[in-house]
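Visitor: show me the folded form of this:
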Amino acid sequence: MAQRAGNADLPLHGGRVPKWLGDRMTRLGRLITEAIVHHYGRDEFLRRLAHPFWFQSFGAVMGMDWHSSGITTSVIGALKRGLTPLSGELGIHVCGGRGQHSRKTPGELVIIGDRIGFDGARLAETSRLVAKVDSAAVQDGFDLYLHGFIVTDDAKWVVVQQGMNGDRRQARRYHWHSEGLESFVDSPHAAIEGREQGKIINLADRRAGASRASQLDLLGALGPDGLVRELATIEARGAGLAAPAQPLLPHLFMPAHHDVRESDVNMRRLHGNFAAAADRGPKDFEELLLVPGVGARTVKALAMVAEVVHGTPCRFSDPARFSLAHGGKDRHPFPVPLKVYDETIKVMKSAVQKGRLGREEELAALRRLDEQSRRMERYVTGPDLKEIVAGEFRNSARLGGRSVFGWEREVEENQRQDAAIKRRTRD
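Guide: Next up is the predicted model:
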């Protein structure tokens, strides 16, 4: 039986992903997906999507705002753009999206089912039911606005959907997974993410079985008008039994602050990433990859990309760490270094293409990079996060740093830009 994995606070952010970043997210998201499927298969890729910690880390390593609700929209959009041309090869189909695109999901599933050979109409009904459960059976104060349905050729699926509470400027993301799912009304969620917002009425929880049965009995005995009268009587008396305490679930708390702080990052793992890049880089990336222009900074980014491909669930408890690979579009923790990002895509593309032909050397080099990170994090140390981020800002112009505020300039100009941004924020 699929279970909830936990909750997380997702600050609600507006705005759009700029094209220069969206195009790169599409390419890198596709390559990471191909690498995961190559090593572990389609079922494992679906399991990753159903894991809220991995999902947030996936978006962060691609340069999105590391803590915000925008990761959900941008990741689903990048996967839909990137994987649709490869759907025949990978057997993975991404449907739905935000707003009006979410309402097209059932029709997309029917069309894909007719082409592939699975029961698209049944999955279309599943899509509607999943949305109905999270909008009606789970009454938590969040209105759904995004619905992504990822399905494979053998009709296994994951749903990632998100709701917002505009008054509180918060979002909640819901993860569903077909693996082990026996009922839509007995704890079906693989995970629910979102900040604790008080009591949640969750009629889809198995502990609410007695409540669901009682509601049906009451409806049959009293009818709709009788239920309204009974509710008015209860409210007038101030009656009602206190709900039993819910067991606490682990949750990913995504704070409201934009800057990445040391408390947001597992520094031991970050130092392991960087030390492995320094150690494996000379061994593997000169002798095996031989990709022109790949420097030490790119190998650091690749260490975190390799972890997204190979890491186990416990490795993603600090999604903020993965923003240290390619920065963020809003200059947190630093502007996106486009030269590094493009080199990362180049290396991943070369490795994946050769892997398709049975030449595993480059994919194996990336795997060794991840393995070395885990070994070295046990004993290495390094600079604190402020020093790491300051170094990125110093080198930002040289590395093609870019954000929604424009291209980065030299240090003195950056200082003036920072002051101007702070003034605009205060105003």
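Visitor: against residue 73, how distant is residue 308?
Guide: Remark: distance between residue 308 and residue 73 (C-beta to C-beta, to the nearest Å) = 19 Å. For glycine as for every other residue, the C-beta is placed from the backbone atoms N, C-alpha and C.
Visitor: domain assignment for the protein?
Guide: Taking automatic domain parsing as the domain assignment, the record places the domains of the chain at 7-199, 205-240, 262-426.
Visitor: in terms of helices and strands, where is the residue nearest the centre of the chain?
Guide: The chain has residue 55 as the residue nearest its centroid, 2.6 Å off, counting by C-alpha atoms, centre = their mean. Using DSSP states H and E, residue 55 sits within helix 52-61.
Visitor: re the thing from before, lowest mean pLDDT across the domains of the chain, which one is that?
Guide: Mean pLDDT is lowest for domain 205-240 among those, at a mean of 50.
Visitor: chain neighbours aside, what residue packs nearest to the residue nearest to the centre of the chain?
Guide: residue 49 (6.2 Å; C-beta to C-beta, 6 or more residues apart in numbering).
Visitor: please look at residue 173 and residue 160 and confirm they touch.
Guide: Yes - counting by C-beta atoms under 8 Å, residue 173 does reach residue 160; the two are 6.7 Å apart.
Visitor: which neighbours do these two share?
Guide: By the contact definition C-beta atoms under 8 Å, 6 or more residues apart in numbering, residue 173 and residue 160 are jointly contacted by 55, 72.
Visitor: where do the strands sit along this protein?
Guide: Secondary structure of the chain by DSSP state E: the strands cover 7-11, 92-98, 138-139, 143-152, 157-165, 170-177, 189-194, 201-202, 251-253, 336-337, 401-403, 406-407.
Visitor: so which of the ones you listed is nearest residue 268?
Guide: strand 251-253 (18.6 Å; C-beta to C-beta).
Visitor: mind jotting down where the helices sit in the stretch 201-350 of the chain?
Guide: Ranges of helices within the stretch 201-350 of the chain are 209-237, 267-280, 296-310, 323-326, 338-356, based on DSSP state H, counting those that start in this stretch.
Visitor: counting contacts, what elements does the fourth one pack onto?
Guide: Helices and strands touching helix 323-326, as assessed by 3 or more C-beta pairs under 8 Å, 6 or more residues apart in numbering; DSSP states H and E, comprise helix 52-61, helix 296-310, helix 338-356.
Visitor: just these: most buried one?
Guide: Of the helices and strands packed on helix 323-326, the one with the most neighbours on average (mean count of other C-beta atoms under 10 Å) is helix 52-61, at a mean of 26.
Visitor: put the alpha carbons of that helix into CSV.
Guide: Taking Å, rounded to 0.1, in the frame of the first residue of the first chain, the C-alpha atoms of helix 52-61 are listed here in CSV:
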residue,chain,number,x,y,z
PRO,A,52,9.2,14.6,-2.7
PHE,A,53,12.8,15.1,-1.5
TRP,A,54,14.3,13.8,-4.8
PHE,A,55,11.9,15.8,-6.8
GLN,A,56,12.9,19.1,-5.1
SER,A,57,16.6,18.2,-5.5
PHE,A,58,16.1,17.4,-9.2
GLY,A,59,14.7,20.9,-9.7
ALA,A,60,17.4,22.6,-7.7
VAL,A,61,20.2,20.9,-9.6
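Visitor: next, the angle from that helix to helix 338-356.
Guide: Here the directions of helix 52-61 and helix 338-356 differ by 120 degrees (axes from the mean of the first three to the mean of the last three C-alpha atoms, to 10 degrees).
Visitor: make 334 the starting number, not 1.
Guide: Sounds good: first residue 334 from here, last item helix 385-394.
Visitor: now do helix 385-394 against strand 503-510, angle only.
Guide: Using the same axes, to 10 degrees: helix 385-394 against strand 503-510 is 120 degrees.
Visitor: re earlier: need the helices and strands packed on helix 656-659 in JSON lines (columns: distance to residue 444).
Guide: Compiled in JSON lines, the helices and strands packed on helix 656-659 are given as follows (distance: least, C-beta to C-beta, whole Å):
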{"stretch": "helix 385-394", "distance to residue 444": "26"}
{"stretch": "helix 629-643", "distance to residue 444": "31"}
{"stretch": "helix 671-689", "distance to residue 444": "27"}
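Visitor: of all those helices, which one is nearest residue 369?
Guide: Nearest of the helices and strands packed on helix 656-659 to residue 369, taken as C-beta to C-beta: helix 629-643 at 5.6 Å.
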